[in-house]
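Undergrad: what follows is a protein structure lacking sequence information:
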């Protein structure tokens, strides 16, 4: 059946369910029929939603009941200047090196202008250093035991049999590698926090499937009974101190040292003023508020980068764990340079799988030169994390300078936002 009108009529008459349309037509026809049905049920014109440019079949792994696409304005900032060469004392280099244009998708006016201002200052200062300091996508199942004795027995067995659990978990994937299993006991509940190197994939599905395989062995060899494959100690898509401390996905830090005269010339304030604003706002203010994030608006840049490059947008909440530091470093002549850094404990990104395969998002990753798997495996996702971190650093620098110079409101007024 290829007539969308006829398909929509069958849905209205109850002969077909809305999710069954792809069984009777190609994906684009099914989307059109569904759109016609929704238009008539709601009295809404869905012309713009239906005006998408890629075959609907391409989105099958990413959406159910498709009616079209949401179009969010996308811009570009940069170049993002990342010093990824082997410059550290231990000889380790970053995955991202050189200049990269960063696509950002957002509806917030002034965001890209602000990030671009910060990037211009970073570039003039010689670029930022960025490093992924830790990598591990987690999944934490919860098991039931009768009490602490069985809990201790279970934890001991898991600790002694890591290799067997790793073999089981890794049998489900050609890329994932089990790095660690951290046990937690709460009364008659045992939580096992599995952490994986998922290479260039964000890896949430990979970690879930692999952990499920390992759980079968834990159940067969210990007194523990699996209650839920996710026990929220992972912790996925919600604010959690464990992610702020232990990290999840990629933990990445970016920093830059900006000469004092450059701060004054380009940001119209001083290193001391920015450092004070950061301390009183991002550190003291955040502590008083009980915030898990000690930053100005790092999630702004992360969210825009996630939408542009096909990341799981719900995981922006974990990226908000960022800590921003600003320090006025005195020189011998009494003037101060500005040291600025951001540390994102849980940045969950990938360059393969999920939304990265959608046409628009795939093109955005092409702009970065990071589409698909890297060589060595994991290097593309590392590079993406480092570039996003420098983008977030630029956003923090620009906003704090605007606050320190009392230009925030006037900047929004000038841009008409």
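TA: Thanks, I have the structure now. If you're wondering where the values come from, they're calculated on a predicted model, not measured in any experiment.
Undergrad: rest of the way, CA atoms for contacts and neighbours
TA: Noted.
Undergrad: where does this structure dip in pLDDT?
TA: 1, 85-92, 407-417 (pLDDT under 70).
Undergrad: separation between the spatially most central residue of it and residue 25?
TA: In the chain, the residue lying closest to the centroid (Cα atoms, centre = their mean) is residue 348, at 4.0 Å. Residue 348 sits 36 Å away from residue 25, going by Cα to Cα, to the nearest Å.
Undergrad: so what's the backbone phi/psi at the residue nearest to residue 189 when sequence neighbours are not counted?
TA: In this structure, residue 189 finds its nearest non-sequential neighbour in residue 144, 5.0 Å apart by Cα to Cα, 6 or more residues apart in numbering. In terms of degrees, to the nearest 10, the main-chain angles of residue 144 are phi -100, psi 140.
Undergrad: wait, isn't residue 144 in contact with residue 222?
TA: No - the pair residue 144 / residue 222 is not scored as a contact, 10.9 Å apart, by Cα atoms under 8 Å.
Undergrad: ok so, going back, ok, the residue nearest to the centre of the chain - contacts?
TA: 137, 202, 248, 249, 250, 311, 315, 319 (Cα atoms under 8 Å, 6 or more residues apart in numbering).
Undergrad: which residues touch the second one?
TA: Taking Cα under 8 Å, 6+ apart as the contact definition, residue 202 lies against 137, 249, 311, 348, 349, 350, 351, 352, 353, 381.
Undergrad: just give the number of residues close to residue 17.
TA: Applying other Cα atoms under 10 Å, we find 12 residues neighbouring residue 17.
Undergrad: tell me the contacts of the residue lying closest to it once chain neighbours are set aside?
TA: The shortest distance from residue 17 to any non-neighbouring residue, by Cα to Cα, 6+ apart, is to residue 11 (5.8 Å). Contact partners of residue 11, counting by Cα under 8 Å, 6+ apart, are 17, 18, 37.
Undergrad: make TSV out of the residues you listed and add secondary structure and distance to residue 371.
TA: TSV is the format used below for these (DSSP: H, G, I helix; E, B strand; the rest coil; distance: Cα to Cα, whole Å):
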residue	secondary structure	distance to residue 371
17	coil	37
18	helix	34
37	helix	37
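Undergrad: longest helix of the chain?
TA: Looking across the chain with DSSP state H, the single longest helix is helix 379-404.
Undergrad: any idea how far that helix is from the chain center?
TA: Its chain's C-alpha centre lies 13 Å from the corresponding centre of helix 379-404 when counted by Cα atoms, centre = their mean, to the nearest Å.
Undergrad: separation between the closest residue to the residue nearest to the centre of the chain other than its chain neighbours and residue 172?
TA: Among residues not flanking residue 348 along the chain, residue 249 sits closest, at 4.5 Å (Cα to Cα, 6+ apart). If you measure residue 249 against residue 172 using Cα to Cα, the figure is 19 Å.
Undergrad: so for stretch 223-242, what gets flagged as buried?
TA: 224-226, 229-236, 239-240 (16 or more other Cα atoms under 10 Å).
Undergrad: quick check, nearest of those to residue 153?
TA: residue 224 (9.2 Å; Cα to Cα).
Undergrad: sorry, back to before: dump the buried residues of stretch 223-242 to a markdown table, plus distance to residue 4 and secondary structure.
TA: A markdown table is the format used below for the buried residues of stretch 223-242 (distance: Cα to Cα, whole Å; DSSP: H, G, I helix; E, B strand; the rest coil):
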| residue | distance to residue 4 | secondary structure |
| --- | --- | --- |
| 224 | 52 | coil |
| 225 | 49 | strand |
| 226 | 46 | strand |
| 229 | 41 | coil |
| 230 | 41 | coil |
| 231 | 43 | coil |
| 232 | 43 | coil |
| 233 | 46 | coil |
| 234 | 43 | coil |
| 235 | 43 | coil |
| 236 | 39 | coil |
| 239 | 43 | coil |
| 240 | 46 | coil |
